[in-house]
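*Asks:* After the sequence you'll find the predicted model.
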Amino acid sequence: MKFATLILIIFIVPWQVFSQNEPLGVLLTWTEDPTTTISIDWHTEDALPELLSYRKKGDRRWITESSKTHPFPFSERFVHRVALNNLSQGTTYEIRFGKYDKVYQFKTMPRDISKEPVKIAIGGDTMHEKDMLERTNRQVASHDPHFIVMGGDLAYENGSARQVGRMFDWFDACKNTLITDENRIIPIVAGIGNHEVSGGYYSPRRFSGNDTDREKFAPYFYSLFAFPGHPGYNVLDFGNYLSLFILDTEHTNPVAGRQTEWLAAELDKRSDFIHIIPVYHIPAYPSVRDFNSSRSEAIRKNWLPLFEKHRVKLAFENHDHAYKRTFPIRQNRVDENGIVFVGDGAWGVNVRNVHPVPATWYLTKAAEDRHFILLTLQGKHQQLTVINEKGQIIDSYPEQLKE
């Protein structure tokens with residue numbers, strides 16, 4: 001018995017020590033300019049606020065900030081959140097969470113992308129099964145992007161208390177696979193999709209348009225992701241070079257009306273930005289679903305004229321569980337000066353059969369393949385490389401950068 005007990009101690013104690021040296025989940029994102037700020041979440045079973053320790057890499061002295069704490073929906077976990085401001089641009093920082101002594105890193109975004117390219121991993125529809133999410137995540141991490149944008153349908157929990165385990169799995173998968181070998185946590189900007197919401201889609205009979213209703217029908221999304229926050233769509237400005245619009249395609253807000261009015265006003269303020277990138281869930285130009293669906297029509301009618309007016313070059317769509325790239329499109333016709341729509345949400349889900357490309361006037365490329373899109377921005381240039389879960393390049397656009 002004593003020998004057996006000793007064996008158990010040898011094998012169990014190291015696992016316990018390791019498991020207690022890190023939070024249950026972590027998420028880094030932004031609510032303000034990513035060149036000088038960061039929003040940091042970590043999850044524990046402790047309800048009381050905890051301290052976040054941080055410092056510039058290379059400094060000896062730690063600085064501490066106390067967290068704001070709120071419940072992780074339908075569970076015994078709690079979310080600790082700290083917003084850091086007035087950070088140095090393009091700088092690596094070290095952080096420690098609460099009582100845990102493991103040291104992680106994050107890096108603020110650069111000030112000038114004419115000298116340093118920015119790499120963004122983009123996709124959506126991220127987890128039918130945990131291992132699917134982790135396979136694509138590993139490919140993402142191997143390319144070391146500055147950050148990730150996920151355009152909705154993250155864990156497929158449908159706002160249900162019974163599906164809280166799916167959120168645990170999602171955060172666990174991200175902790176396992178989206179932290180680099182140097183312990184750099186890759187930030188994630190998340191948008192809302194139909195599977196974040198009980199019932200899936202906005203209905204005036206269910207939603208009154210207030211925060212209470214949104215939190216009731218999409219409890220995980222509004223509790224666990226600091227950005228976009230209420231009302232479910234927002235814009236994030238990176239210095240003066242990138243304006244990232246995260247939109248809601250009729251999940252907790254209608255496309256038409258207040259959201260479109262807000263979009264028009266915010267785009268008008270950003271005429272000096274080099275890159276304007278919209279990301280949303282339901283596609284205007286679907287690779288799988290019906291082109292004439294009411295939501296796709298609403299997006300084409302309300303948002304596309306605004307994108308065209310403000311010289312958007314790329315728009316990122318999801319929802320269809322496939323890959324697609326359109327021809328450049330303007331005023332619903334192929335036009336070399338138009339917008340290229342890229343997606344269609346197949347990060348970690350079962351893929352679907354795509355429309356035949358030769359018979360679909362707006363498609364130039366479509367594939368039934370799990371993938372992510374690596375968008376590289378440098379100066380005025382935008383370059384796409386599409387990589388599947390096996391690490392194979394399945395598309396690129398343009399093939400060569402042009403002046």
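*Replies:* Cool, the structure landed. Quick caveat, the model's predicted, so the values are computed rather than measured.

*Asks:* Only C-alpha atoms from now on, for both contacts and neighbour counts.
*Replies:* Fine.

*Asks:* what about the helices in this structure?
*Replies:* 2-19, 130-142, 164-177, 211-217, 219-224, 258-268, 294-302, 304-309 (DSSP state H).

*Asks:* In the last one, which residues are buried?
*Replies:* Meaning helix 304-309. Applying a neighbour-count criterion of 16 or more other CA atoms under 10 Å, one finds Leu304, Pro305, Leu306, Phe307, Glu308 buried in helix 304-309.

*Asks:* distance of the residue lying closest to the second one once chain neighbours are set aside from Arg289?
*Replies:* Put plainly, it is Pro305. Leaving aside its sequence neighbours, Pro305 sits nearest to Gln331 (CA to CA, 6 or more residues apart in numbering; 7.4 Å). Distance of Gln331 to Arg289, computed by CA to CA, to the nearest Å: 21 Å.

*Asks:* what do you get for Gly338?
*Replies:* 22 Å.

*Asks:* just checking, Arg214 touches Arg206?
*Replies:* No - the criterion here is CA atoms under 8 Å, and Arg214 misses it with Arg206 at 9.9 Å.

*Asks:* More neighbours: those two, which one.
*Replies:* Applying other CA atoms under 10 Å to Arg214 and Arg206 shows that Arg214 carries more neighbours, namely 23 against 13.

*Asks:* picking that back up, in terms of neighbours, single out the busier of Gln331 and Arg289.
*Replies:* Arg289 (18 against 13).

*Asks:* How confident is the prediction for the nearest residue to that one once chain neighbours are set aside, by pLDDT?
*Replies:* Leaving aside its chain neighbours, Arg289 sits nearest to Asp320 (6.7 Å; criterion: CA to CA, 6+ apart). Note on Asp320: pLDDT of 98.

*Asks:* And Gln331, by the same measure?
*Replies:* At Gln331, pLDDT is 97.

*Asks:* Let me see the backbone angles for it.
*Replies:* Main-chain torsions, Gln331, degrees, to the nearest 10: phi 50, psi 40.

*Asks:* For it, give its distance to Tyr397.
*Replies:* For Gln331, the distance to Tyr397 - CA to CA - is 21 Å.

*Asks:* so where is the stretch 251-400 of the chain shaky, pLDDT-wise?
*Replies:* 399-400 (pLDDT under 70).

*Asks:* related to what we said a few turns ago, turn the helices of the chain into TSV, columns for distance to Pro49.
*Replies:* Shown next, in TSV, are the helices of the chain (distance: least, CA to CA, whole Å):
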stretch	distance to Pro49
helix 2-19	21
helix 130-142	30
helix 164-177	20
helix 211-217	22
helix 219-224	16
helix 258-268	35
helix 294-302	42
helix 304-309	43
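
*Asks:* Of those, which is nearest Arg184?
*Replies:* Between Arg184 and these, the tightest spacing by CA to CA is seen for helix 130-142, at 10.0 Å.

*Asks:* Buried ones in that closest one, by neighbour count?
*Replies:* Applying 16+ other CA under 10 Å to helix 130-142 flags Lys130, Met132, Leu133, Glu134, Arg135, Thr136, Asn137, Arg138, Gln139, Val140, Ala141 as buried.
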